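Peer 1: sequence-free structure coming up:
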DNA sequence: CTGCCAATTTAGATCGATCTAAGTTGTCCC
DNA sequence: GGGACAACTTAGATCGATCTAAATTGGCAG
């Protein structure tokens, strides 16, 4: 027993390779290789012998070496700006589901929304010859950050944030539909007369599409647009809370607000709650419909975008890009409004 | 806008290799290799020529091939049960910070707390000859799920959840200190007389350590232990809300509760708020101190465990395990109580 | 001119697998 | 006995890099 050297914590001098298994049985590497790949070419007797010997010697298949020879890879990289964001997390689940099913190994790299780190990560993935990449680009990304991955890099899909000048397949939610849905609910259902789009980084491409449609729908319905409340803003609960508190101190809020995300809505809801108790009511809508939103006080009305399905769609688009057969929809699901207390529906 | 038109989309028949760059300049592969690795052995003139030619031909360094030859790898895998959980996310940030600094490429794999997926992921990482692994094991993991990675696998560190029979380095928060801190605050500061530990999966190892110390401290201080409220429970806001609502309907709650996590506290806080308005007050403490907790209504008092620093510690332990020089602490930071409204501190 | 040394450059083996084309069995049938 | 065929098995080249040990170059002292 060679593996009995446990006392000094020195695992083994050298890892076991296919050729070791082969030699130990008087077979060739090729045969062992065929067994490892479940080829029907080897006899049942040989197969069993090889598997047993491999187990006995502690052989571990070297996927990396195989990848080099076959010129394929099973690693797909998700390059995400913030893994903690539940929306991003759920999208990742969807991608992983679709790609995992056909045998890919999905891993996530966190750019923390920093372009330099993102550049490094993309370089690594290209260098490792990843099979494919799905990325929500960091906020300040420009076309040349993606030059490296377009030129000879793996099939890549951009998610959610569009970047001018990058001709890579893009998958995003239907921002216009979100804008329309929000406007319709606030105006037609709640009769709001002065409306705003609250929060969202000025550089985030979803903000542009959503807000533009939202604003048009709102003004066409005859309501006023509150430009001050619609200034861009970092999309966190904290930032939203402080900005809202500040604006509330300066004057009455709009009577209808579509927030850039549920996180933003949390901050706004808190500011409204802690503000003057007898103020006129303000209908608040979030976007994303995070699980927590129903738990909030007041429970947050939100436009759900089904991030998991969005992730699945993205996975399918990537598969198609890689030239593989694909089943299922390749268009993002339509957004849906879930009305709760924060807009006054209760 | 459809950019998926495949017409002129034939990038190159074959990827450029070192030998192509070398031939194109009349040099040898070895020289090009030295340039790519910034070796001081090549002359400045040659270096510049090689870099220029590589750029011109669109050469992309093949890290995977290099890894095979050098028998090392720059990939470190984080194997996590739930990327969306902010605690997990922040731990990941810490690990990434420490390992990224010394040149490792950190990627996260999501087990979704399923052991079968976890087994597959660990197998992949071993197969890819990852440089190291950090994992928060899936809840139902047993020792034999980790047999594969101990036998010839990469250096591995277990995080947060301990597993009986697995002799791998373990890094976790000081659960006993959390229990003591919670008990002391509820009893000494708020004078609670009947106390419970609410929520947490029965299989989660942190629950055991925390609750045991907490319970002992509470009973030694002369307060009563509420066993019904201390039954185990899935650690989500939703589950906590429903269980709490049910228990509240059956009778008055304890006057002090330490929750297994902030998420659990959110659910409990909601149930208490929606319950009988004139009920006796109940002091609620969370654990983790997520960023949102200060935004909640009421703002949630919580025991902070500094997950980012915990991640850094974990990264350092892994570096040590890989035989690399390490600077900085290798013991987890002590927990700290952040008192807010939910326990009555305001 | 020769020899020596430092500074560069390189040929060929190697990492651990797969692939191609060819080799070895054993059986069956004329 | 021997040819055809099916069922396995295998030698040797190959993937794209690195490493070792040796070759080449130029400069300079003797």
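Peer 2: The structure has been received and is ready for your questions. For clarity, every value in this text was computed on a predicted model and none was experimentally measured. Numbers count the residues shown, from 1 in each chain, chains lettered A, B, ... in the order given.
Peer 1: residue in the stretch 51-200 of chain A nearest to DNA strand D?
Peer 2: Nearest residue of the stretch 51-200 of chain A to DNA strand D (Cβ to the nearest atom of the strand) works out as residue A:69 at 3.5 Å. Every C-beta, even on glycine, is put in place using the N, C-alpha and C of the backbone.
Peer 1: just the element for that residue, please.
Peer 2: helix A:63-70 (DSSP states H and E).
Peer 1: say whether DNA strand C is contacted by that helix.
Peer 2: Yes: using Cβ under 7 Å from any atom of the strand, helix A:63-70 reaches DNA strand C at A:65-66, A:68-70.
Peer 1: give me the buried positions along that helix.
Peer 2: A:63-68 (16 or more other Cβ atoms under 10 Å in any protein chain shown).
Peer 1: quick check, nearest of those to chain B?
Peer 2: Nearest to chain B out of these is residue A:63 (Cβ to the nearest Cβ; 3.7 Å).
Peer 1: now do that closest one against residue A:72, distance only.
Peer 2: 11 Å (Cβ to Cβ, to the nearest Å).
Peer 1: and residue A:317, by the same measure?
Peer 2: 19 Å.
Peer 1: ditto for residue A:93
Peer 2: 25 Å.
Peer 1: so if I had to pick from those two, which one is more boxed in?
Peer 2: Neighbours were counted for residue A:93 and for residue A:72 using other Cβ atoms under 10 Å in any protein chain shown; residue A:93 has more, 18 against 11.
Peer 1: ok, then the element right after the helix or strand where residue A:270 lies?
Peer 2: According to DSSP H and E, residue A:270 maps onto helix A:262-274. Tracing the chain past helix A:262-274, the next element assigned as helix or strand by DSSP H and E is strand A:283-288.
Peer 1: name the strands paired with that following strand and say parallel or antiparallel.
Peer 2: Counting by DSSP bridges, the strands paired with strand A:283-288 are strand A:256-259 (parallel), strand A:301-304 (parallel).
Peer 1: wait, what's in contact with residue A:297?
Peer 2: Counting by Cβ atoms under 8 Å, 6 or more residues apart in numbering or on different chains, residue A:297 touches A:269, A:273, B:270, B:273, B:296-297.
Peer 1: was I right about residue A:130 contacting residue A:154?
Peer 2: Yes: if you go by Cβ atoms under 8 Å, residue A:130 and residue A:154 touch, sitting 4.9 Å apart.
Peer 1: pick out whichever of those two has more residues nearby.
Peer 2: Legend: neighbour count by other Cβ under 10 Å for residue A:130 and residue A:154, higher for residue A:130 (24 against 21).
Peer 1: and stretch A:239-255, does that touch chain B?
Peer 2: Yes: Stretch A:239-255 reaches chain B (Cβ under 8 Å from any Cβ of the partner chain) through residue A:241.
Peer 1: which positions in that stretch come out as buried?
Peer 2: Buried-residue list, stretch A:239-255, by 16+ other Cβ under 10 Å: A:239-241, A:243-245, A:247-248, A:253-255.
Peer 1: residues touching it, excluding its own?
Peer 2: Against stretch A:239-255 from outside (Cβ under 8 Å, 6+ apart): A:190, A:192-196, A:198-199, A:226, A:228-229, A:233, A:259, A:263-268, A:270-272, A:274-276, A:279-283, B:295.
Peer 1: of those residues, which qualify as buried by neighbour count?
Peer 2: Using 16+ other Cβ under 10 Å, the buried ones in those are A:190, A:192, A:194-196, A:198-199, A:226, A:229, A:233, A:259, A:263-268, A:270-272, A:275, A:282-283, B:295.
Peer 1: out of those, who's near DNA strand C?
Peer 2: Among those, proximity to DNA strand C is found for none (Cβ under 7 Å from any atom of the strand).
Peer 1: burial measure for residue A:34, as a count.
Peer 2: Neighbour number of residue A:34 under other Cβ under 10 Å is 17.
Peer 1: quick one: pLDDT of it?
Peer 2: On pLDDT, residue A:34 comes in at 97.
Peer 1: quick check: which element contains it?
Peer 2: Going by DSSP H and E, residue A:34 is in helix A:29-36.
Peer 1: now the helix or strand following that helix against helix A:29-36, angle please.
Peer 2: Downstream of helix A:29-36, the next assigned helix or strand under DSSP H and E is helix A:44-57. Angle of helix A:44-57 versus helix A:29-36, following axes from the mean of the first three to the mean of the last three Cα atoms, to 10 degrees, is 90 degrees.
Peer 1: could I get the contacts of residue A:297 as CSV with distance to DNA strand D and pLDDT?
Peer 2: Putting these into CSV (distance: Cβ to the nearest atom of the strand, whole Å; pLDDT from 0 to 100) gives the following:
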residue, distance to DNA strand D, pLDDT
A:269, 54, 94
A:273, 59, 88
B:270, 56, 91
B:273, 61, 88
B:296, 52, 87
B:297, 57, 83
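Peer 1: quick check, nearest of the residues you listed to DNA strand C?
Peer 2: For the contacts of residue A:297, the nearest to DNA strand C is residue B:296 (52.1 Å; Cβ to the nearest atom of the strand).
Peer 1: isn't the closest one right up against residue B:266?
Peer 2: Yes: contact criterion Cβ under 8 Å: residue B:296 and residue B:266 qualify, at 6.4 Å.
Peer 1: could you pull out the strands in the stretch 1-150 of chain A for me?
Peer 2: A:75-80, A:105-110, A:132-135 (DSSP state E, counting those that start in this stretch).
Peer 1: nearest to chain B, of those?
Peer 2: Per Cβ to the nearest Cβ, nearest to chain B of those: strand A:105-110, 3.9 Å.
Peer 1: how distant is that closest one from the center of its chain?
Peer 2: 10 Å (Cα atoms, centre = their mean, to the nearest Å).
Peer 1: report all helices and strands that it contacts.
Peer 2: Secondary-structure packing of strand A:105-110 (3 or more Cβ pairs under 8 Å, 6 or more residues apart in numbering or on different chains; DSSP states H and E): strand A:75-80, helix A:86-101, helix A:115-127, helix B:86-101, strand B:105-110.
Peer 1: wait, a strand at residue A:185?
Peer 2: No: assessed with DSSP: H, G, I helix; E, B strand; the rest coil, residue A:185 is helix; it does not lie in a strand.
Peer 1: with adjacent residues omitted, what lies nearest to the residue of the stretch 201-346 of chain A found nearest DNA strand D?
Peer 2: DNA strand D sits closest to residue A:322 of the stretch 201-346 of chain A, with a gap of 17.8 Å, by Cβ to the nearest atom of the strand. Residue nearest to residue A:322 in three dimensions, not counting chain neighbours: residue A:155, with 4.9 Å by Cβ to Cβ, 6 or more residues apart in numbering or on different chains.
Peer 1: re earlier: can I get the strands of the stretch 1-150 of chain A in CSV with mean neighbour count, mean pLDDT and distance to DNA strand D?
Peer 2: Shown next, in CSV, are the strands of the stretch 1-150 of chain A (neighbours: other Cβ atoms under 10 Å in any protein chain shown; pLDDT from 0 to 100; distance: least, Cβ to the nearest atom of the strand, whole Å):
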stretch, mean neighbour count, mean pLDDT, distance to DNA strand D
strand A:75-80, 26, 98, 16
strand A:105-110, 25, 97, 19
strand A:132-135, 26, 98, 18
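Peer 1: let's see the pLDDT reported for the residue of the stretch 201-346 of chain A closest to DNA strand D.
Peer 2: pLDDT, residue A:322: 95.
Peer 1: what bits of chain A have low per-residue confidence?
Peer 2: Under the criterion pLDDT under 70, the flagged ranges of chain A are A:1-13.
Peer 1: so how many other residues sit close to residue A:56?
Peer 2: By other Cβ under 10 Å, neighbour count at residue A:56 equals 13.
Peer 1: for residue A:202, that is, sorry about that
Peer 2: Residues near residue A:202, counting by other Cβ under 10 Å: 11.
Peer 1: nearest spatial neighbour of it, skipping sequence neighbours?
Peer 2: Nearest non-adjacent residue to residue A:202 (Cβ to Cβ, 6+ apart): residue A:232, at 3.7 Å.
Peer 1: swap in residue A:321?
Peer 2: residue A:155 (4.0 Å).
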